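1. how does the following fold in three dimensions:
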Amino acid sequence: MATIGEALSLSHCHVASTLRLRSSRRLPSPPSATSVSVVALLKRNPKRLKYAAERLFKRREEGMMYVKMDQSGEDMWKLEPVIQLIKEGAVGVIPTDTVYSIVCDMKNNDSIDRLRRIKGIGPTKPLSILCHTMRDIDKYTMGFPRGNSQGRMDIFRLVKHCLPGPYTFILTPSKELPRQCIRRGPKGVATRHVKRRQVGVRIPDDSVCQHILEGLDSPLTCTSVKYPAEDEWILDPVVIADIYKEEGIDFIVDDGIRVADPSTVVDMTGDNPTIIRLGKGPKLPWMVMEGEDSGVASQA
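-> Modelled structure (predicted):
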């Protein structure tokens, strides 16, 4: 599979300084030099970043914007063009604390439609939202149940101990959530997880993702990045770039290769917090597995 490699010479990169590229052991074969546009701005100049974002977004047909992050975490300023592009309707790929996600502005209907086309999913397929804080969850969903004097479990308090973290919680949306983000099951599907209006919410424990969310006015609509026509995550951002550049992705934020360990999905719309997919987040005492006796859950 073609990837970005040493064939991407400095003469083809619109960069202000030399960018460290991936070693040949992770790049089986080089792509054409025009496969992506790499952005590595030298100075933390907001005006320069803004103009760079506008220029690249308008010229995205010439190649996507590719931002390589340093593992030191000292180059968050590189994300300013990404934040600007998202505000202008871009669809791109960012890291989370689990796998990479395709994201766009939650309130931009055209961007959500384009995200679905890029991923190749229909209107009934679920989309989650990436939130910055618990306040976002309270605003766009009906929230988590609070405890009461009758001994009702205080789910809100319990959830606060595992967020930010590798969990997706399925909740009932509020009126504030755009309709395109709401999960609805097709008629005639007898599955309890698609009978009601639902949305999956996440607060990722990832500094790059959180920096992007902090710079936006609302959460991001998201879906995981997988190989087309295959139910397998793409973990290397270089491979993601090679595959999805032809699908119309506007930008990719490269924060290193991930592990195939998705978030744990917990349905909060029933009588008990029910795990419908066990992933990176461990099963906690107050959760039950799907099909498990609800009596095993405790108030931990």
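2. Ile276 - how many residues pack around it?
-> 15 (other Cβ atoms under 10 Å). Bear in mind the C-beta positions are built from the backbone N, C-alpha and C, glycine included.
3. which pLDDT value belongs to it?
-> For Ile276, the pLDDT comes out at 96.
4. ok, residues contacting the helix or strand it falls within?
-> Secondary structure assignment for Ile276, by DSSP states H and E: strand 274-277. With Cβ atoms under 8 Å, 6 or more residues apart in numbering as the test, strand 274-277 has contacts from 170, 193, 262-267, 283, 287-290.
5. out of the residues you listed, which are inside helices?
-> If you go by DSSP state H, those have nothing in helices.
6. nearest spatial neighbour of Leu235, skipping sequence neighbours?
-> Distances taken as Cβ to Cβ, 6 or more residues apart in numbering put Arg258 closest to Leu235, at 4.5 Å, once the chain neighbours are dropped.
7. and the contacts of strand 274-277, which are buried?
-> Using 16 or more other Cβ atoms under 10 Å as the burial test, those include Ile170, His193, Pro262, Ser263, Thr264, Val265, Val266, Asp267, Met287, Val288 as buried.
8. from the residues you listed, which two are the most distant?
-> Pro262 and Val288 (19.6 Å; Cβ to Cβ).
9. residue contacts, Leu79?
-> Leu79 neighbours (Cβ under 8 Å, 6+ apart): Val67, Val208, His211, Ile212, Gly215, Val253.
10. tabulate these in TSV, adding columns for distance to Thr223.
-> Below are those laid out as TSV (distance: Cβ to Cβ, whole Å):
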residue	distance to Thr223
Val67	20
Val208	18
His211	21
Ile212	16
Gly215	21
Val253	16
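11. reformat the residues you listed as a markdown table; add secondary structure and neighbour count.
-> Shown next, in a markdown table, are these (DSSP: H, G, I helix; E, B strand; the rest coil; neighbours: other Cβ atoms under 10 Å):
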| residue | secondary structure | neighbour count |
| --- | --- | --- |
| Val67 | strand | 23 |
| Val208 | helix | 24 |
| His211 | helix | 21 |
| Ile212 | helix | 24 |
| Gly215 | coil | 16 |
| Val253 | strand | 23 |
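12. rewinding a little: mind telling me what element the residue nearest to Leu235 is part of?
-> Under the criterion of DSSP H and E, Arg258 resides outside all helices and strands.
13. do the same with Thr223
-> Using DSSP H and E, Thr223 falls within strand 220-224.
14. contact partners of that strand?
-> With Cβ under 8 Å, 6+ apart as the test, strand 220-224 has contacts from 86, 94, 96, 99-106, 111-112, 115, 119, 121, 125, 127-130, 180-181, 202, 212-213, 233, 262.
15. so the residue nearest to Leu235 versus Ile234, what's the distance?
-> 9 Å (Cβ to Cβ, to the nearest Å).
16. any idea where the strands of this protein begin and end?
-> Counting by DSSP state E, the chain has strands at residues 37-39, 65-68, 92-94, 101-105, 128-130, 167-171, 199-202, 220-224, 251-254, 264-267, 274-277, 288-289.
17. in its sheet, what does the second one sit against?
-> In this case it means strand 65-68. strand 37-39 (parallel), strand 251-254 (parallel) (DSSP bridges).
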